[in-house]
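K.L.:
need a structure here:
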Amino acid sequence: MRTVGFVAVLLLAVRGISAEETVSQLAEVAASGDEAARVVAIDQLADRGPAAKAAVGDLVKLLADPSARIRAHAAYALGMIGPDAADAAPALVKATTDEDFHVRREAIQALETTRASIEVAGPALLKALEDPEPSVRVHALDALVDLGPDAVPTLAQALANPATRYWAALALGEFGPAAQPAVEALTKALDDKRPEVVHEVLIALAHIGPDAASAEPKVTPLLMDADPFVHNPAAYALGRMGPAAAAARPALEKGLKGDDVMLRTVCAYALARIDPDDKAVRDHAISLLKEALHNPDPRVESAALRGLLELETPPAELAPELTKCVVACEPSLVPEMMGVLAAAGEAGLPALTAALKRP
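P.N.:
Purely as a prediction, here's the structure:
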C-alpha cells in the first residue's frame, strides 16, 4: 500500500494534466491511505503555495485527522497557501490548542502567513504565549509582532497577566512610538518583581520615547535598583524620553558619580538627551562616552558607541577614538564602527586601514 501511494504521488508530478487537476488529485491522495504518501501529497500542495487554494477545504478537514503528523503538515500547507487560505482561520485557531506542540506551532505560523486579523487570531496568540513549549511561544510572539500596531491593545491587555507579561513587553518593544497606547499598562508592569520582566518593560518604554514620559515617576526610582539588568535600562529609558524626563535629572547626576561604569555611561547619555541645548552637559557626556569606548567590557563599549551615535556625534569627531579601538574592540561592533568611519571621509581612513588588518 505504501508503494502504491508513493507511485500515485509521483505520477501526479509527471503526468501532463492541468494544475487544477493536480491539486484535486493531490488532495484526494492526502485524504486517506498510507500516511507517508499522504504527507508527500500535502507537502506538494504546500509547495504550490497560492496555486493550491482549491485544496483549502480539504486541508482544513485534515486539521482534525487522527494523525498528529498529518495535522501538522496540513497546517503548514495552509500557511504556505497564504492569504488565499484566510477562510481556514477558525480551524487554525482551534488547532493552536492541539495536544501536539508541532501542530500548535504550525497552526500559529499559518495564522501569521494567512494574515488572520487580530480580532480572529489575537486571543489564541495571547493564550499561546503561555504554552509550555518554547518554540510555540516564539512563533506566537512573531505572529503578534507581524500583526503590527493593531496588536498593541491586545498586547497591553497581556501585560496584566504575569504569565504573558514578559513576552508582551518584548513584542511591544518592536513597535517603537506606535506602542504609545500601551504606556499606562507598561508603567503598571514595572511593579513586577522579576528583573528580566522589568528589563523588557523598560526597553519597550525606551523605544516608545518621549511619548512614554508619563512613566518617568515610576522609572526614575529604578536607577537605585541593585540589579544592573534594571538600573541600566532605566537610565536608557529616561534618556530616550528626552526633555520630558527632566525631573529625573538629579537621580541621573547621582548615577553619574557612582562606581558603576556602565551606569555612568548610560546616565551621561541620558543627561545629554534630557538637556540637548546645554553644550556643557553634551560635551561632558560625549567625553565620557568616548572614554567608555576603550572599556574592556564589551557591553560598556557597545553602549558607548550607540550613545554617541544617538547623540549624533559627527563622524569626523569620532574617527580618532575609533581609530584607537577598532583593532581591539568587540568583533560584533566592527561593522557599525566601519559605517561611522566611512561616513567620516578622509578622517576615517586610518581606522579603516587598521580594521582591514583584523583577522
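
K.L.:
Can you tell me the SS state at Val138?
P.N.:
Of the three states, Val138 takes helix under DSSP: H, G, I helix; E, B strand; the rest coil.

K.L.:
I'd like to know how far it sits from Gln109.
P.N.:
10 Å (Cβ to Cβ, to the nearest Å). Yep, even glycine has a C-beta here, placed from its N, CA and C like the rest.

K.L.:
So those two - more neighbours on which side?
P.N.:
Gln109 (22 against 16; other Cβ atoms under 10 Å).

K.L.:
contacting residues around the more buried one?
P.N.:
Going by Cβ atoms under 8 Å, 6 or more residues apart in numbering, Gln109 touches Ala75, Tyr76, Gly79, His139, Asp142, Ala143.

K.L.:
Neighbour count says what about those? Which are buried?
P.N.:
Buried residues within the contacts of Gln109, counting neighbours by 16 or more other Cβ atoms under 10 Å: Ala75, Tyr76, Gly79, His139, Asp142, Ala143.

K.L.:
pretty sure the fifth one contacts Glu112?
P.N.:
Yes - in this structure, Asp142 is within contact of Glu112 by Cβ atoms under 8 Å, at 6.6 Å.

K.L.:
What's the first helix or strand after the lowest-mean-pLDDT helix or strand in the chain?
P.N.:
Counting by mean pLDDT, DSSP states H and E, the chain has its least confident helix or strand at helix 2-14, which shows a mean of 48. Remark: after helix 2-14, the chain's next helix or strand is helix 19-31, criterion DSSP states H and E.

K.L.:
excluding its backbone neighbours, what's nearest Arg299?
P.N.:
What sits nearest to Arg299 in space, not counting adjacent residues and going by Cβ to Cβ, 6 or more residues apart in numbering, is Met262, at 6.3 Å.

K.L.:
ok, the one you found - contacts?
P.N.:
So Met262 contacts Pro228, Asn232, Asp297, Arg299, Val300, Ala303 (Cβ under 8 Å, 6+ apart).

K.L.:
Just the element for it, please.
P.N.:
helix 261-274.

K.L.:
What residues of the next helix or strand after that helix count as buried?
P.N.:
Next along the chain after helix 261-274, taking DSSP H and E as the criterion, comes helix 279-292. Of the residues in helix 279-292, Val281, Arg282, Ala285, Ile286, Leu288, Leu289, Lys290, Glu291, Ala292 count as buried by neighbour count, 16+ other Cβ under 10 Å.
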